[in-house]
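>>> After the sequence you'll find the predicted model.
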Amino acid sequence: MINYVYQLVTPGNFSVKYEDIDFGKGVIVRPSYMAICHADQRYYLGKRDVRKLRSKLPMALIHEAVGEVVHDSSGKFSRGQKVVMIPNVPGIPSKTIYENYQKGSKFMSSGIDGFMRELVLMPSDRVVPFENVSPEVAAICEFISVGVHSSRRFEAISHDVKEKIGIWGDGSLGFVMALILKTKFPSAKIAVIGRDTYKLSQFSFADEVHLAEDIPSDFWVDHAFECAGGNGSYYAIKDIIKYINPQGSVMLMGVSENEVPINTRDVLEKGLTLVGSSRSGKSDFEEAVKLLEIPEFQSKIRRIIFEESPVNSIEDIHRVFKSDLNTSFKTVFKWNL
């Protein structure tokens, strides 16, 4: 069967690629809802290194998507069943290394085609079913799984004192991370530091919110999550090192295209643990689905979702990417191509 793949060929330009799809292998999913990530925007706008763009394009964008099963050769999934698709392609198996860090692993929409296709052929272990979650909310399950992964690593690495945990960053990542931590560590106080008053107003479940320029002089946290990214990573990490208590754990999650200087002297003197956390694996997706099935959690997640009009053409793809630039949090859209 001929399948349509909508590839970004150069920044701001899409083209349709035609490929055969084999109904005798894996699970075939028809995407229904998708979400845009900052990584997608960096490719669309050409804000990656020129050499990176040349090596990775053309490719289909989007790594956050849900859909319905069209066919499953193994019989594990039924036709019409709603599933979340996992973009991570594991590399060399390891008992020690998480699948998202394995050597040889690949990531869909980062060098190989993402989910902007008519149909997607997935291995059966790369899809997770869901039931009690609206598809437009489930579309950001991958994004939530990234937060789940970081929270699980944090839980394994950090010491037991968790009286107050700080989140630096008031965007979608900061919101998801704060909500996950509040759910998993209900006795801990969650403090959020950001630069946008409107965005901070959405964190009503947090115990404290502060503008970055107005952090109280006596402020402190036991542990911290850096979710600022971009140019904000430097300032966030600088503040974290200043306000965190000795032997705290710092989860680094914000993505920056540039190198970020760190005051290692204070890191050493305080005995801090800095941990990089990126992407996620299947078990993180499964936990993310369980979190989304909690009505209160799902209701709060809706605060950061802006649902655009359905995509019915390549012109509509351009529309949602341009609209996303003016959205404070996550853009989600129905995929009809």
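Looks like it came in fine. Keep in mind the model is a prediction, meaning the values are calculated, not measured. Numbers count the residues shown, from 1 in each chain.

>>> For the lowest-mean-pLDDT helix or strand in the chain, list every residue counted as buried.
Least confident element among the helices and strands of the chain, by mean pLDDT, DSSP states H and E: helix 50-56 (a mean of 91). Residues of helix 50-56 classed as buried by neighbour count (16 or more other CB atoms under 10 Å): Leu53. For glycine as for every other residue, the C-beta is placed from the backbone atoms N, C-alpha and C.

>>> Equivalent analysis for stretch 157-167, please.
158, 162, 164-167.

>>> now the strands: where do they sit in the stretch 151-300 of the chain?
Read by DSSP state E, counting those that start in this stretch, the stretch 151-300 of the chain holds these strands, from start to end of the chain: 164-168, 189-194, 208-211, 223-226, 249-252, 273-276.

>>> Tabulate those strands (CSV), appending mean pLDDT and distance to Thr10.
Written out in CSV, the entries for the strands of the stretch 151-300 of the chain read as follows (pLDDT from 0 to 100; distance: least, CB to CB, whole Å):
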stretch, mean pLDDT, distance to Thr10
strand 164-168, 98, 35
strand 189-194, 98, 34
strand 208-211, 97, 39
strand 223-226, 98, 33
strand 249-252, 98, 32
strand 273-276, 97, 31
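
>>> among the ones you listed, which is the most enclosed?
The highest average neighbour count among the strands of the stretch 151-300 of the chain, using mean count of other CB atoms under 10 Å, belongs to strand 223-226 at a mean of 29.

>>> Show me what it is packed against.
helix 141-157, strand 164-168, helix 172-184, helix 232-243, strand 249-252 (3 or more CB pairs under 8 Å, 6 or more residues apart in numbering; DSSP states H and E).

>>> and the angle for the third one with strand 164-168?
By that I understand helix 172-184. Helix 172-184 and strand 164-168 meet at an angle of 160 degrees, taking axes from the mean of the first three to the mean of the last three CA atoms, to 10 degrees as the criterion.

>>> Show me what helix 172-184 is in contact with.
Contacts of helix 172-184 with the rest of the structure, by CB atoms under 8 Å, 6 or more residues apart in numbering, involve 143-144, 146-148, 150-151, 155, 165, 167-169, 188, 190, 192, 194, 199, 202-203, 205-206, 225, 227-229, 253-254, 291, 294, 297, 300-301, 303-304, 329-330.

>>> Now find how far off-centre that helix is within its chain.
12 Å (CA atoms, centre = their mean, to the nearest Å).

>>> who's in contact with the residue most central in space within the chain?
In the chain, the C-alpha closest to the average C-alpha coordinate belongs to Phe143, at a distance of 2.7 Å (CA atoms, centre = their mean). By CB under 8 Å, 6+ apart, the residues touching Phe143 are 35, 37, 64, 172-173, 176, 330.

>>> Throw these into CSV and include distance to Ile92, neighbour count and pLDDT, thanks.
Output for those, formatted as CSV (distance: CB to CB, whole Å; neighbours: other CB atoms under 10 Å; pLDDT from 0 to 100):
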residue, distance to Ile92, neighbour count, pLDDT
Ala35, 30, 28, 98
Cys37, 26, 25, 95
Glu64, 26, 28, 98
Ser172, 32, 25, 96
Leu173, 28, 27, 97
Val176, 30, 27, 98
Lys330, 33, 24, 97
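
>>> Distance to Val16 for the residues you listed - can I get that in a markdown table?
Converted to a markdown table, the contacts of Phe143 look like this (distance: CB to CB, whole Å):
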| residue | distance to Val16 |
| --- | --- |
| Ala35 | 22 |
| Cys37 | 22 |
| Glu64 | 21 |
| Ser172 | 30 |
| Leu173 | 32 |
| Val176 | 33 |
| Lys330 | 26 |
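
>>> of those, closest to Pro123?
Looking at these and their distance to Pro123, the nearest is Glu64, at 18.4 Å (CB to CB).

>>> in the sheet, who's paired with the nearest residue to the closest one once chain neighbours are set aside?
Counting by CB to CB, 6 or more residues apart in numbering, Glu64 lies nearest to Ala35, which is 3.9 Å off, once chain neighbours are set aside. Applying DSSP bridges to Ala35 yields these beta-bridge partners: Glu64, Val332.

>>> any idea how far Ala35 lies from Met116?
Distance, Ala35 to Met116, using CB to CB, to the nearest Å: 12 Å.

>>> Give the residues shared as contacts by the two.
Here Ala35 and Met116 have Ile62 as joint contacts, going by CB under 8 Å, 6+ apart.
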